[in-house]
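just the structure for this:
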Amino acid sequence: MSHDYDLNDHVYRLLISEPFFAAISRMVSKTPNKSIPTAGVRVNPETAQYEMIYNPDFFEKLPENQVRGVLIHEFYHLVFDHVTSRMPEGVDKKQWNIATDLAINSIIGKDNLPDFVCMPGGKNFEDFPLMRAAEYYLELLKQKQKEQEQNGKDKSEDKDNQQGEGSGGGNGEQDPQFDSHDEWGEANGEESKAANEIAKERIKEAMNKAADECNKNNSWGSVSHEVRENIMQRLKTAVDWKKVLRYFVGRAQRSDRTNTIRKINKRFPYIHAGRKTNYSAHIAIAIDQSGSVDDDMLNQFFNELNKLAALATFTVIPFDDRVFESKIYTWKKGEKRKWERVLRGGTNFDAPTEYVNKHPEFDALLVLTDLYAPVPKSCKVQRAWLTTQACKDHAGFNTNELILAV
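Down below sits the predicted model:
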């Protein structure tokens, strides 16, 4: 068996007839890892992007149609927001995981998946109908477990019978689930929650673009009309832009280490001074002064920056077709400020980008704008955009950078 199997080499060919999933695939990094039996998707907390981890030995054994089916299975978990959403209240995690797999596999069909997956109508799920939502299958699983308990069977043994054999590999060697759901669920901690929000925003953006393209070409591949309606409904939901903005600022923080006699050195106590670490971020805030950026948008933005000022120092850079250097000011960490408009005019995003590129003290650039201008040149630090939903929908350029809609 070859140990050089790279899923990325096969994705384009496999998804050439699936334009919607091909667009999703481009937003998901794919990492080989032989410590898991099959595959799984998660949010990478370091990059705030969705990541698919896969076992190359597992994929190498599958025919092409089943590799495509497994890929689509994983992408449906992202589309239906199974990875980052909170599990229904008071629900057994294993049952919920199986219910989501039943719902997705019902859409894909048994011929396009390995024979050991959870499938309505298959072994141990014979009386489960096809094409139902995960919540519906969850109720059936709970009802089936109740019936087994009422028949006097041991509860733990019943759980194994219900969830293990029919949804596993058939030989008892694989985990009862088809794929890994270990890192699913609502994240703990502000940074992890914000990483989830960014990942959701990025995948939503990819889904929006893919749906528009599929509608234009009248080609959705294997995505049924019913599933399309579900997807379009999901695209209407909003992410928490404030959490994402906090994450963006937090990720830009860098540490400054200094020696201090007040802290004991762990390696050489009372011989060398200890080290003190301060975390700070210096963010460039470029504010588009064109008239199409309204006062309400400026007000909302400044309100949130007042909270974020506890984390970072900001340099506010007013611009329209050029940067007005005489109007630049420093918003120091911990300060409170009122919003203000200082200029009106056209828009050129190269102006603040060039300014930041020339000043190495900045850790990130955040641009408040209506996005009505040509594509800007690249920035040396991470750059994000804050705008309204209407402006985002009619942006003057396309970008893979983070765009937040207020």
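
quick one, helices of the stretch 101-250 of the chain?
134-150, 155-160, 190-217, 225-234, 241-251 (DSSP state H, counting those that start in this stretch).

if you count neighbours, what's buried in the fourth one?
I take that to be helix 225-234. Applying a neighbour-count criterion of 16 or more other C-beta atoms under 10 Å, one finds 227, 231 buried in helix 225-234. All C-beta atoms are positioned from the backbone trio N, CA, C, and that covers glycine.

so it versus helix 190-217, what angle?
If you take axes from the mean of the first three to the mean of the last three C-alpha atoms, to 10 degrees, helix 225-234 sits at 130 degrees to helix 190-217.

just the CA trace of helix 225-234, in PDB.
Taking C-alpha atoms only, helix 225-234 is exported to PDB below (Å, rounded to 0.1, in the frame of the first residue of the first chain):
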ATOM      1  CA  HIS A 225     -34.300  21.100  -4.300                       C
ATOM      2  CA  GLU A 226     -35.300  20.500  -0.600                       C
ATOM      3  CA  VAL A 227     -31.700  20.700   0.600                       C
ATOM      4  CA  ARG A 228     -31.200  23.800  -1.400                       C
ATOM      5  CA  GLU A 229     -34.100  25.500   0.400                       C
ATOM      6  CA  ASN A 230     -32.500  24.400   3.700                       C
ATOM      7  CA  ILE A 231     -29.200  25.900   2.700                       C
ATOM      8  CA  MET A 232     -30.700  29.200   1.500                       C
ATOM      9  CA  GLN A 233     -32.600  29.500   4.800                       C
ATOM     10  CA  ARG A 234     -29.300  29.000   6.800                       C
END
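
least confident of the helices of the stretch 101-250 of the chain, on average?
Least confident of the helices of the stretch 101-250 of the chain, judged by mean pLDDT, is helix 155-160 with a mean of 50.

which of the helices of the stretch 101-250 of the chain sits most buried?
Mean neighbour count (mean count of other C-beta atoms under 10 Å) peaks for helix 241-251 among the helices of the stretch 101-250 of the chain, with a mean of 21.

that one - contacts with which helices or strands?
helix 190-217, helix 295-308, strand 364-368, strand 382-387, strand 402-405 (3 or more C-beta pairs under 8 Å, 6 or more residues apart in numbering; DSSP states H and E).

redo those as JSON lines? Include distance to residue 131.
Output for those, formatted as JSON lines (distance: least, C-beta to C-beta, whole Å):
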{"stretch": "helix 190-217", "distance to residue 131": "21"}
{"stretch": "helix 295-308", "distance to residue 131": "42"}
{"stretch": "strand 364-368", "distance to residue 131": "44"}
{"stretch": "strand 382-387", "distance to residue 131": "39"}
{"stretch": "strand 402-405", "distance to residue 131": "33"}
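
of these, which is nearest residue 85?
Comparison of the helices and strands packed on helix 241-251 against residue 85 by C-beta to C-beta identifies helix 190-217 as nearest, at 9.1 Å.

which helices and strands sit right next to that closest one?
If you count contacts as 3+ C-beta pairs under 8 Å, 6+ apart, helix 190-217 packs onto helix 19-25, strand 39-44, strand 49-54, helix 64-79, helix 225-234, helix 241-251, strand 402-405.

one step back: now distance to residue 393 too, for the helices of the stretch 101-250 of the chain, in CSV please.
Shown next, in CSV, are these (distance: least, C-beta to C-beta, whole Å):
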stretch, distance to residue 393
helix 134-150, 30
helix 155-160, 47
helix 190-217, 8
helix 225-234, 14
helix 241-251, 15
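
surely residue 42 and residue 83 touch.
Yes. The pair residue 42 and residue 83 passes the contact test of C-beta atoms under 8 Å, sitting 6.4 Å apart.

neighbour-wise, which of the two wins?
Neighbours of residue 42 and residue 83, each counted by other C-beta atoms under 10 Å, are more numerous for residue 83; the result is 22 against 18.

contacting residues around that one?
Applying C-beta atoms under 8 Å, 6 or more residues apart in numbering, we find residue 83 in contact with 41-43, 50, 77, 183-184, 199.

ignoring the adjacent residues along the chain, who's closest to it?
In space, and not counting its chain neighbours, residue 83 is closest to residue 184: 5.3 Å by C-beta to C-beta, 6 or more residues apart in numbering.

what's that neighbour in contact with, if anything?
Listed by C-beta under 8 Å, 6+ apart, the contact set of residue 184 reads 42, 82-84, 87, 97.
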